[in-house]
Structures are given as structure tokens and as C-alpha cells.
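Engineer: Structure for the following, please:
(one chain, ligands or ions: 1)
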Amino acid sequence: MKREIRTTMLMPAYMQAFHCIGPECADHCCTMAWKITLDRDTFQTYRASQDSALQPVFMHALKRNRKAASDADYGQIVPQPGASDCPMMDGGLCKVHARLGAAALSDTCFTYPRTTTHFNGVLSQAATLSCPEAARLALSSADAMQWVEHDGVVRESACLPVYGQSVPAAQQLLQEVHHTCLRVLSAPELDLWQALALLAILCHELTPLQAQHYPVEKTAQVLEAFTTMLESGALNSSLAAVQPDLDAQAILLGHTLLNGRSLHRAGRHPRFADVLARFSSALGDTPAELGKRYPEAALRWRAQVADAGLEYVLRNYVLNLAFREVFPVQGKPEDKLAALVSALVAVRGLCIGLAEERGDVSLEDMQLAVQSFERVCQHDSTFIGKLAATFSRAGLQAMPRLWPLLRL
Ligand code: SF4
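Structural biologist: Residues are numbered from 1 along each chain as shown. Below you'll find the predicted structure:
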């Protein structure tokens, strides 16, 4: 039996209201479009089950993963011929949950869409916005991303330690780095693009230190210099002078959304395919067409979003990603920044396309763009990494090129 604890966690406010809506869900997660992994305990429990309704399904639908890197992906659920849903699904409900209870679910099924991290003694929890209900709540108002402390249930085996082996001083410092990034992304006096432009500077300074396992003294110096720079407003006039490079944005968007990889993934995700089809019908289905139509559409969208008071939506999206992924300290900071910017550019582009196709901006379309894009990223863990690698290879992290790409 998995150990579960009820405890207080740091989380965005929308998490307090989140619960799975099961059969009401417009894009449920129990689908074979992604690999549903089973941890070792769950796999063995299912194999030994004598439940009359489940045992025949377990017989055919469980497969041992011989190349498993750890007990977490010991086995997996395999699709049944002609079926796109998980074979455990029955009328929109999970048969394992119904007959054996939540405790019998694998870590993957028990936790989705939540991610729980344990960092410097603090438990934090957020949801991936690939879940439509999480996306609806997280993008419903600016307040949805206020930080709160709230009780929740955590499975110990599914809680991800962050820098658990580091000395306390290093953990403390990296937590300060993470919290500084969240503060910058939430700062009302900064536009989202400005916040990301400033964080690019921090990530650039942190990247060589990550390779040295973040020596405490040097890392503290970088953080202090960054904080001083923020407080002094030394870059305000440089940021104010930046002009958007709409042509470069269109080229990047074409590489991101109109490439073979995206189209291939769209084939496996009907919602994303619909979004991409609407995007293409409005902005073109070739990079050349996109280059012609994007600049005016982008400026129209910017004005519509401001009029509708929806500027917070993409900020909430990026904040949620940064919080959930412990940005930028889990991995190489410059890569993390490239991934964040790539996701923002892609989702913003989809939002522009949907608004153009509909004739106006709408919250529902923005939620749809975020959720469908995140679903593709969730089901293919290499997708956003490849976009980010393309971004980095093109040298787009250099400030003179990055800032005009970010600004709209
Ligand atoms: S995607 Fe979210 S709301 Fe939909 S079935 Fe899964 S957890 Fe529930």
C-alpha cells in the first residue's frame, strides 16, 4: 500500500478548487495517446488481482517494461486493438478506481495532473494545464495564481525531491533564486515579456554555475547582483526602447507550429489538430503566408487582449509552468529559459490565430490554446525540449535578438 500523507503545501490559489470532473471532461487524460506507466508495486498488485471484472483486463493490458530505468516505469498499460482510450475506462470512469479505490491507482494515475515537489523543506504542488479543468481554473482570473498554503494529499512515492542531496545553504540559495524568478514573473509593474527579458539575464549568469553545482558564494553574488539591478531599474530605459520584431516572431512561429513534428503530433491529438487547423485557416499554412499575415494580426490581438482585460492569461500560464518546474534550477538555466520562451511564443501564436479566425479574442480560446499545446508537451516529453534546442541553436537567447522576439 502506498503511503499517503495529508499535509500543508504551497500552491497557486486555483489548486484549492481543483478536482477531476471525470465524465464531464472535454479532453480526458485516460487515453492511449501517451504512455501510461505503472510503478513496480502497482504492476505487481494488478497482476496478482483476483477481481472478477478487472482480472481479464489486467491479463491483456499490462506489459512489463524491460528497459525500465527505475521502479517508476516498471510496466505500462498497452492499448487494445481499435481503442484509443485506456482499457480500464468504463463509461467515462476508471474501473480500477471504482472497484479498488484511489489507493490502488498507479502513481501516474493517482497524481495526474498534479506535480508535487519537495524543495528545501517546502512541499509545493501545481497542476499541468494539459488538464482542461486545471487550465480553466488557472486561467480564469489573475488571482488564480496567488500563492496560498493549503492542505492536500501527497503520495510519498510520487513526490519529486529537488536538490535533495545538496547542502542546506545551497538548497536555501537555489530556493531564493526560484522565488526571485516567480516574483519577477508576477511583478505588476513589468509586462510578461519584460519579466522574461530580465530573467534571461539571470539565467545567462547562472548557467556556468550550474555546471559547477552552484558554488554557494558565487551563486549568492549572482543573485545579489541581479536583485540590485532589478531594484535600481538600471535596465528600464533599455527595455522601454525595445521594438517588437514581428517578422522574426512569424519566422519562429512557422518553425514551431508549421513543422513536420508539430503536424505529426497534431495527428494524435484531435483538440490540438483543431486548434492548428483554425490557426492555419486564419494565418496561413506555410511560413511564407504566415510571414505576410502575422504582423497585423499580432498587433490587432494585442489591442483586443488589452481591451478585454485578458493580459493576465499568458502570465498565469508562464507562472504556472515556472512554479511547477522549479524554474530555472532544475536543469541548465538557459535551456529552461529557452523552453519557457518557446512555449510562450507558440501559445501566444496559437491565441493570435484563434482570435483572427473567430474575429475577436476570447478567454475560452486562450484556455483552449494553452491546454491543447500543453497536452502535446505532456504526451511527448521531448517536444518542448526540441523546440527549445532549435531556439538555442539559432542564437535567439542573445539579448539583442531575444527581447524583440518577446515583445509584442
Ligand atoms: S484531464 Fe483532468 S479533468 Fe479531465 S479526466 Fe483527466 S484529471 Fe480529470
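Engineer: The spatially closest residue to residue 396 that is not a sequence neighbour: what secondary structure?
Structural biologist: The shortest distance from residue 396 to any residue other than its chain neighbours is 5.8 Å, reached at residue 402 (Cβ to Cβ, 6 or more residues apart in numbering). Bear in mind the C-beta positions are built from the backbone N, C-alpha and C, glycine included. Using DSSP: H, G, I helix; E, B strand; the rest coil, the secondary structure recorded for residue 402 is helix.
Engineer: And residue 402, how far from residue 358?
Structural biologist: Noted for residue 402: a distance of 30 Å to residue 358, by Cβ to Cβ, to the nearest Å.
Engineer: Which one of these two is surrounded by more residues?
Structural biologist: Taking other Cβ atoms under 10 Å, residue 402 and residue 358 do not tie; residue 402 has more neighbours (23 against 13).
Engineer: before we move on, the earlier item: pretty sure the residue nearest to residue 396 is touching residue 341, no?
Structural biologist: Yes: at 7.3 Å, residue 402 counts as touching residue 341 under the criterion of Cβ atoms under 8 Å.
Engineer: what's the offset of stretch 134-141 from the middle of its chain?
Structural biologist: 13 Å (Cα atoms, centre = their mean, to the nearest Å).
Engineer: Ok, stretch 227-241 next?
Structural biologist: Here the centre of stretch 227-241 is set off from its chain's centre by 28 Å, with Cα atoms, centre = their mean.
Engineer: for that stretch, how far is the first residue from the last?
Structural biologist: One end of stretch 227-241 sits 22 Å from the other (Cα to Cα, to the nearest Å).
Engineer: Show me how this protein divides into domains.
Structural biologist: Following the assignment in automatic domain parsing, the chain carries domains at 4-162, 239-406.
Engineer: Compare those and give me the one nearest residue 198.
Structural biologist: Closest to residue 198 of the domains of the chain is domain 239-406 (Cβ to Cβ; 7.9 Å).
Engineer: what's the span of that closest one from first residue to last?
Structural biologist: Domain 239-406 has an end-to-end distance of 11 Å (criterion: Cα to Cα).
Engineer: ok, and what's touching stretch 282-294?
Structural biologist: Residues from elsewhere that reach stretch 282-294 (Cβ atoms under 8 Å, 6 or more residues apart in numbering): 246-247, 249-251, 253-255, 258, 297, 349, 352-354, 356-357.
Engineer: Next: stretch 271-280.
Structural biologist: Around stretch 271-280, the neighbours that count as contacts under Cβ under 8 Å, 6+ apart are 26-27, 257-258, 262-263, 265-267, 349-350, 353-354, 357-358, 368-369, 371-373, 375-376.
Engineer: Quick check on those residues: which are buried?
Structural biologist: Neighbour counting by 16 or more other Cβ atoms under 10 Å classes 27, 257-258, 262, 265-266, 349-350, 353-354, 357, 368-369, 371-373, 375-376 among these as buried.
Engineer: Ok, which of the domains of the chain comes nearest residue 182?
Structural biologist: With Cβ to Cβ as the measure, domain 239-406 is the member of those nearest residue 182 (6.2 Å).
Engineer: Work out the gap between the closest one and the centre of the chain.
Structural biologist: When distances are taken as Cα atoms, centre = their mean, domain 239-406 is centred 13 Å away from the chain's centroid.
Engineer: go on, stretch 197-217?
Structural biologist: Counting by Cα atoms, centre = their mean, stretch 197-217 comes out at 22 Å from the chain centroid.
Engineer: Return the set of buried residues in that stretch.
Structural biologist: For stretch 197-217, burial by neighbour count (16+ other Cβ under 10 Å) applies to 197-207, 209-210, 214, 216.
Engineer: for this protein, which helix is longest?
Structural biologist: Taking DSSP state H as the criterion, the chain has its longest helix at helix 333-358.
Engineer: Buried ones in that one, by neighbour count?
Structural biologist: By 16+ other Cβ under 10 Å, the buried positions in helix 333-358 come out as 333-357.
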